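Chemist: mind looking at a prediction? Sequence and model below.
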Protein chains: 2
Amino acid sequence: MEQELSLRDKKKAAVREALIDAALRLFRARGFDAVTIDEIAAAAEVSRRSFFRYFPTKEAVLLERRHEQLASFRTLLAAPRKGEAPFALVRRACLALAAEYVARRKQILEERTIVAAAPSLVARDLELDRAFEGAIEEALGGTRRARICAAATIGVTRVVLEDWANSGARSDLLALGGEALDLLEPLAPARRAAS
Amino acid sequence: MEQELSLRDKKKAAVREALIDAALRLFRARGFDAVTIDEIAAAAEVSRRSFFRYFPTKEAVLLERRHEQLASFRTLLAAPRKGEAPFALVRRACLALAAEYVARRKQILEERTIVAAAPSLVARDLELDRAFEGAIEEALGGTRRARICAAATIGVTRVVLEDWANSGARSDLLALGGEALDLLEPLAPARRAAS
DNA sequence: TGCCACTTGACACCGAGTGCCATATTATTA
DNA sequence: TAATAATATGGCACTCGGTGTCAAGTGGCA
């Protein structure tokens, strides 16, 4: 079922990975702002011009993983269980994401450290949050109430995540997240009348 | 009581205003990205180098007003009424801000139009929202619950503002804002036990 | 093998943002 | 009022992120 990767595609994937690896390594060592794209490209042994063929901006190479998370988040929201209330679906998707965070805590903490130190990255990160918010909004029906609930959910989620990260990923993210989401239950759009 | 402005300071204020005016006029006409700092400086009849003495970035000249709003928001939060519950104070501050939006709707809508069209500005705007969030958080006591409530408040506020802007400022911002904030009342940190 | 499509590197270019210094303008003191 | 100190300005050169273009290289395929 898996599409056979051509040599060309394998090379592209390899370059992409090399760029990400090089970038993360350099960012970790010296901080986002102090690393130049020339250096990343050189470390990955491609030309500077090629970097921009793989990533539109310097931020993108770092936010790559978050884009992947967004994609899987959307997938989850697109597959509600039978009879599941919209907000319950959202809750489940958020907690699934949280579980992934816990599983990859080391990587997550590292990325957050880099992001937190660079204002421009923080801004981009917030922009990404809006994409998550849009997904929730849609899952809740797109109404005004849905948008309000989605915005509150994202805000609350961000706070919980922050606390978790500040605890060095030692607190129980699933439990804290669950509690916080419970608080928002009353905000959820009223369920449609049963047919 | 007012500090007498020296000639030097008057000139500085004039240049500052000239830069803001020129920038807004150009942004309005051609969009944020299509305007270069050289053009703004030329329109304000100062050198490009001087632009950066007044504003650290191109974004800053546009977000200037929002910074002022943030300052007055903080002032409001710093002056609670006698016996006023923290969340009631936050509510009052938000609605006061809303009233100012209504009063200056034309200007607000214009700025929002410019910001919405430029991704980098949207990101910076979200960053500014975080500063508002921090102020609320503090007003609510800085606890974990306070942070959650603050995040939800900002999220909700943003949605309400968006709807209002999308209605061409024709909907009743005060009423909608009040309703939305009522929804959050249960999220507010429990009041401290009366002494 | 040879042709086509795609990928790469090199170069030139633009705009944002910064450091530096010489000059001009305002404030201060004699 | 004149001299001097403080500060604002302009010009220049530079770095870095990001883009368009084109010629050369490499893989896919008949």
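Modeler: Sure thing, it's come through. Note that the structure is a prediction, hence the values are computed from the model and not measured.

Chemist: up against chain B, what does chain A have?
Modeler: Applying CB under 8 Å from any CB of the partner chain, we find that chain A lies next to chain B at A:119, A:122-124, A:126-127, A:129-130, A:133, A:144, A:147-148, A:150-156, A:158-160, A:162-163, A:180, A:183-184, A:186-187. Yep, even glycine has a C-beta here, placed from its N, CA and C like the rest.

Chemist: so how do I select the buried members of the residues you listed in ChimeraX?
Modeler: In ChimeraX syntax, the buried subset of these is picked out as below (16 or more other CB atoms under 10 Å in any protein chain shown):
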select /A:122,123,124,126,127,129,130,133,147,148,150,151,152,153,154,155,156,158,159,160,163,180,183,184,187
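
Chemist: quick one: which of the residues of chain A next to chain B sit in helices?
Modeler: A:119, A:122-124, A:126-127, A:129-130, A:133, A:144, A:147-148, A:150-156, A:158-160, A:162-163, A:180, A:183-184 (DSSP state H).

Chemist: tell me which element the spatially most central residue of chain A is part of?
Modeler: Ranked by distance to the mean C-alpha position of chain A (CA atoms, centre = their mean), the top residue is A:Arg66 at 3.0 Å. Assigned by DSSP states H and E, A:Arg66 belongs to helix A:58-77.

Chemist: isn't A:Arg144 right up against B:Asp163?
Modeler: Yes. With contact defined as CB atoms under 8 Å, A:Arg144 reaches B:Asp163; the gap is 6.4 Å.

Chemist: can you list the residues of chain A near DNA strand D?
Modeler: Within chain A, the residues that sit near DNA strand D (CB under 7 Å from any atom of the strand) are A:6-8, A:11, A:35-38, A:49, A:52, A:56-59.

Chemist: buried only: go through the residues you listed for me.
Modeler: A:35, A:37, A:58-59.

Chemist: what about chain A, any weak spots by pLDDT?
Modeler: A:1-4, A:191-195 (pLDDT under 70).

Chemist: got the residues of chain A near DNA strand C?
Modeler: Going by CB under 7 Å from any atom of the strand, the residues of chain A near DNA strand C are A:8, A:11-12, A:15, A:45-47, A:49-50, A:53.

Chemist: would a markdown table of these with secondary structure be doable?
Modeler: What follows is the residues of chain A next to DNA strand C, written out as a markdown table (DSSP: H, G, I helix; E, B strand; the rest coil):
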| residue | secondary structure |
| --- | --- |
| A:Arg8 | helix |
| A:Lys11 | helix |
| A:Lys12 | helix |
| A:Val15 | helix |
| A:Glu45 | coil |
| A:Val46 | coil |
| A:Ser47 | coil |
| A:Arg49 | helix |
| A:Ser50 | helix |
| A:Arg53 | helix |
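
Chemist: out of these, the closest to A:Arg105 would be?
Modeler: A:Val15 (28.2 Å; CB to CB).

Chemist: from A:Lys82, how far out is that closest one?
Modeler: 44 Å (CB to CB, to the nearest Å).

Chemist: the more surrounded of those two?
Modeler: A:Val15 (17 against 4; other CB atoms under 10 Å in any protein chain shown).

Chemist: what about that one, distance to A:Ala23?
Modeler: In terms of CB to CB, A:Val15 sits 12 Å off from A:Ala23.

Chemist: can you check A:Ala96 too?
Modeler: Separation of A:Ala96 from A:Ala23 (CB to CB) stands at 28 Å.

Chemist: now swap in A:Leu161 and tell me
Modeler: Taking CB to CB, one finds A:Leu161 at 23 Å from A:Ala23.

Chemist: so A:Leu5, which of the three states?
Modeler: coil.

Chemist: can you give me the neighbour number for it?
Modeler: 11.

Chemist: what's the helix or strand for the closest residue to it other than its chain neighbours?
Modeler: Once flanking residues are discounted, A:Leu5 sits nearest to A:Ala13: 7.3 Å by CB to CB, 6 or more residues apart in numbering or on different chains. Using DSSP H and E, A:Ala13 maps to helix A:7-30.
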